[in-house]
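Novice: return a 3D structure for these sequence lines:
(chains A and B)
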Amino acid sequence: MLKVIKPGVFSSIQDLGRHGHRHLGVSQSGVLDPIALKAGNALLGNKETAACIEITVGLAEFEFTKPCNFAITGGNLNAKLNSKALYSGWRYHAKAGDIIKFASHPEFLRAYLCVENGFDVPAVMNSRSTDCQAKFGGFEGNALQKGDCIPFSETLVPCSELAIKPSDYTNVVRVLKGPHCDILPEGYLEQLLSQTWTVSELSNRMGVRLERSSLLTHQKSIDSQGVHPGVIQLPPTGTPIVLLNDCQTTGGYPIIATVIRADLRHFSQLAPTKPCRFELVDFDVAKTALQKQLQEITRFKIAKQQLENKK
Amino acid sequence: MTCVQCYQLSEQALVLSIDGLITQEVRQKIFALAQTANNTNDFFDIVPANSSITFYLNDFTRTDYWLEQLITLWEKSEPEAFTPKTHLIDTFYGGEYGPDLNEVSELTGLSQRQVIELHASKEYQVGFLGFLPGFGYLESLPEKLRLPRKATPRAHVPALSVAIAESLTAIYPSISPGGWHLIGRCEQPLFDPHADSPSLLAPGDIVRFIPKEPS
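Specialist: Numbers count the residues shown, from 1 in each chain, chains lettered A, B, ... in the order given. Take a look at the predicted model:
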């Protein structure tokens, strides 16, 4: 078990998300950085869909009550195993009684803690992700609380230390043109693209709200339609909202742009007050970026396999 | 006449959007097309809404094929091909179950009995689900019952409250904040993530409210 000593600002069990139930109003949920989870799971030889803990901000502390191979990925939140410094993108072994602590970092917002075989919570609607709004999935439907004990299977054979280095995070995010630019006042897409935005304090796993001095106000609404993580809605107040994994499944605000899938992970690290910019690309660029990203993980898995075959 | 276009919203999401008057026939065509597309197994989710359907593709290299094919399928889509499921929902109106019934009666100029009879007289169709898991937007409320949302939303709407706002009625599947007028409550669970079929309502379903006295 992993015992929660301090849950920190916000920690929850997540996997690659809950799919196929949007038409019933069920959110996707899941990790905000799927590449970080895939990297962690690849390091440990897990299935891609194994569940991890997503740690927001940090200030969290957990105790391994059983020996365990684990990996930390995502942002560097200055983690330590007992007194030993840990680095993002590496796998390690913990003994029973070892304590893992996440401090915090001014440049990073979220880290991922993966264990060999994944955290063993029941799958609900085909996913172990916590739906924090509807309160199901994950560990008893909630963000982690002090005293929670999350089950996992112990690993008696310690792994060697090994690392993977997914590409760096950035705050320049590529977007596709949205379908409702024509009903919005002229030049709004250009204004979205030409200026630097600031992440608002009102941001969370449902969405990142963006602010700046001159806002893109309007009076338009659209007939509600399906929305998903990555869609950038422009409500009449003029503060764009980048929808993230816990977003609702339908929305009636005009869609000004959509973040390409390969770049959505960068929002996992953009804390309130951080600047952010957008760059317009087309679907070909979006597809190539996604394919390239998936190949990085595949290449790592092949390299790891070859390394292990040599032993 | 309606004008239909199909566009790509993201790598995997295609939207069929219908411009013009959305008649009952158009609505049935929407649900019929959603069903046809669902049978192809090329999509991991299909989200019908009032005047659009969003299709989530399994394989993002198939977008060009489907952008064309969805228009073809729309043209071939027959309203009769979709047979909705009907749900009869026993409802306790007024009193502690519908704390806004009195206010709705005052604002509409109808007696409480008339509000109940009118609300229970119609068949409603689930236009789409959203806001909360299992929350169906039911269309469409008789003209006389249409009111704007409450000026101040409630922080806690009890689960299974039957509510109205604008041209819609709905049942809150779980406790949540909400700005609709609460006129009653039902007992039938609407959403259980652990059940084989988690949501009672699905897009296109028909709902009828049956007034009951609490025993």
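
Novice: show me what contacts the residue of chain B found nearest chain A?
Specialist: At 3.1 Å from chain A, B:Thr54 is the closest residue in chain B, using CB to the nearest CB. Just so you know, the C-beta spots here come from the backbone N, C-alpha and C atoms, and that holds for glycine as well. Neighbouring residues of B:Thr54 by CB atoms under 8 Å, 6 or more residues apart in numbering or on different chains: A:225-226, A:228, B:9, B:13-15, B:46-47.

Novice: same thing but at 7 Å, please
Specialist: Contact analysis of B:Thr54 by CB atoms under 7 Å, 6 or more residues apart in numbering or on different chains lists A:225-226, B:9, B:13, B:15, B:47.

Novice: likewise A:Arg261?
Specialist: Shown in contact with A:Arg261 (CB under 7 Å, 6+ apart): A:230, A:286, A:290, B:10-11.

Novice: quick one: the helix or strand of chain B with the lowest mean pLDDT near chain A?
Specialist: Scoring the helices and strands of chain B by mean pLDDT, DSSP states H and E places strand B:176-178 at the bottom, with a mean of 90. No. If you take CB under 7 Å from any CB of the partner chain as the test, strand B:176-178 misses chain A, and the best it gets is 8.8 Å.

Novice: ok, residues contacting the next helix or strand after that strand?
Specialist: Using DSSP states H and E, the helix or strand that follows strand B:176-178 in sequence is strand B:181-186. Contact partners of strand B:181-186, identified using CB under 7 Å, 6+ apart, comprise B:89-94, B:97-101, B:103-104, B:115, B:119, B:147, B:150, B:157-158, B:160-165, B:171.

Novice: make sure A:Leu189 is actually in contact with A:Ile256.
Specialist: Yes. Between A:Leu189 and A:Ile256 a contact is recorded at 6.1 Å, counting by CB atoms under 7 Å.

Novice: need the residues touching each of the two.
Specialist: A:Cys181.

Novice: can you tell me who the residue of chain B closest to chain A pairs with across the strands?
Specialist: B:Val15, B:Val47 (DSSP bridges).

Novice: re earlier: pipe the contacts of B:Thr54 into TSV and attach pLDDT, neighbour count and distance to A:Arg265 per row.
Specialist: As requested, the contacts of B:Thr54 are arranged in TSV below (pLDDT from 0 to 100; neighbours: other CB atoms under 10 Å in any protein chain shown; distance: CB to CB, whole Å):
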residue	pLDDT	neighbour count	distance to A:Arg265
A:Gln225	95	25	25
A:Gly226	96	25	22
B:Leu9	97	24	19
B:Ala13	98	23	18
B:Val15	98	22	24
B:Val47	97	27	23
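
Novice: pLDDT weak spots in chain B?
Specialist: B:1 (pLDDT under 70).

Novice: tell me the domain ranges of it?
Specialist: B:3-81, B:86-212 (automatic domain parsing).

Novice: quick one: end-to-end length of the longest one, please.
Specialist: This points to domain B:86-212. In domain B:86-212, first residue to last residue: 18 Å (CA to CA, to the nearest Å).

Novice: what's the closest non-adjacent residue to the residue of the stretch 151-300 of chain A found nearest chain B?
Specialist: Proximity of the stretch 151-300 of chain A to chain B (CB to the nearest CB) peaks at A:Gly226, 3.1 Å away. Distances taken as CB to CB, 6 or more residues apart in numbering or on different chains put B:Thr54 closest to A:Gly226, at 3.1 Å, once the chain neighbours are dropped.

Novice: so how far is B:Pro99 from the one you found?
Specialist: Using CB to CB, to the nearest Å, one gets 36 Å for the distance from B:Thr54 to B:Pro99.

Novice: the residue in the stretch 51-200 of chain A that chain B sits nearest to pairs with what?
Specialist: Per CB to the nearest CB, A:Phe136 is where the stretch 51-200 of chain A lies closest to chain B, at 4.2 Å. Counting by DSSP bridges, A:Phe136 is bridged to A:Asp131.

Novice: coming back round to it: want to throw the domains of chain B into TSV with distance to A:Phe108?
Specialist: Listed next are these as TSV, based on distance: least, CB to CB, whole Å:
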stretch	distance to A:Phe108
domain B:3-81	26
domain B:86-212	32
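
Novice: hmm, the helix or strand that contains A:Ser11 in reach of chain B?
Specialist: Secondary structure from DSSP H and E places A:Ser11 in strand A:10-14. No. With CB under 7 Å from any CB as the measure, strand A:10-14 is seen stopping short of chain B, the closest distance being 14.7 Å.

Novice: quick one: contacts of the following helix or strand past that strand?
Specialist: Using DSSP H and E, the helix or strand that directly follows strand A:10-14 along the chain is helix A:34-43. Contact with helix A:34-43 is made by A:16, A:31, A:47-48, A:50, A:52, A:71, A:73-74, A:89, A:91, A:112, A:114, A:162, A:164, A:166, A:265, A:293, A:297, A:300-301, A:304, as judged by CB under 7 Å, 6+ apart.

Novice: also stretch B:57-70?
Specialist: A:287, B:6, B:8, B:11-12, B:14, B:16, B:42-44, B:55.

Novice: which of those residues fall within helices?
Specialist: Taking DSSP state H as the definition of helices, those contribute A:Lys287.

Novice: can you report phi and psi for the closest residue in space to A:Arg128 that isn't next to it in sequence?
Specialist: Leaving aside its chain neighbours, A:Arg128 sits nearest to A:Ala51 (3.9 Å; criterion: CB to CB, 6+ apart). The phi/psi pair for A:Ala51 (degrees, to the nearest 10) reads phi -90, psi 150.

Novice: from A:Ile222, how far off is A:Leu280?
Specialist: Distance, A:Leu280 to A:Ile222, by CB to CB: 21 Å.

Novice: looking at those two, which is more packed in?
Specialist: Comparing A:Leu280 with A:Ile222 by other CB atoms under 10 Å in any protein chain shown, the one with more neighbours is A:Ile222, at 19 against 14.

Novice: quick check: phi and psi on B:Pro198?
Specialist: Backbone torsions of B:Pro198, given as degrees, to the nearest 10, read phi -60, psi -30.

Novice: can you tell me the strand partners of the one helix or strand A:Arg209 maps to and which way each runs?
Specialist: Assigned by DSSP H and E, A:Arg209 belongs to strand A:207-211. With DSSP bridges as the test, strand A:207-211 is paired with strand A:197-199 (antiparallel), strand A:241-243 (antiparallel).

Novice: surely A:Ser129 touches A:Arg18?
Specialist: Yes. Assessed by CB under 7 Å, A:Ser129 is found in contact with A:Arg18 at 5.6 Å.

Novice: shared neighbours, those two?
Specialist: By the contact definition CB under 7 Å, 6+ apart, A:Ser129 and A:Arg18 are jointly contacted by A:29-30.

Novice: out of the two, name the residue with the larger neighbour count.
Specialist: Ranked by neighbour count (other CB under 10 Å), A:Ser129 and A:Arg18 place A:Ser129 first, with 29 against 25.

Novice: residue contacts, the residue nearest to that one when sequence neighbours are not counted?
Specialist: Excluding the flanking residues, the one nearest A:Ser129 by CB to CB, 6+ apart is A:Ser29, at 3.8 Å. Residues in contact with A:Ser29 (CB under 7 Å, 6+ apart) are A:14, A:17-18, A:127, A:129-131, A:137, A:245-246.

Novice: nearest to A:Arg209, of these?
Specialist: For those, the closest approach to A:Arg209 (CB to CB) belongs to A:Asp246, at 13.7 Å.

Novice: alright, calling it a day.
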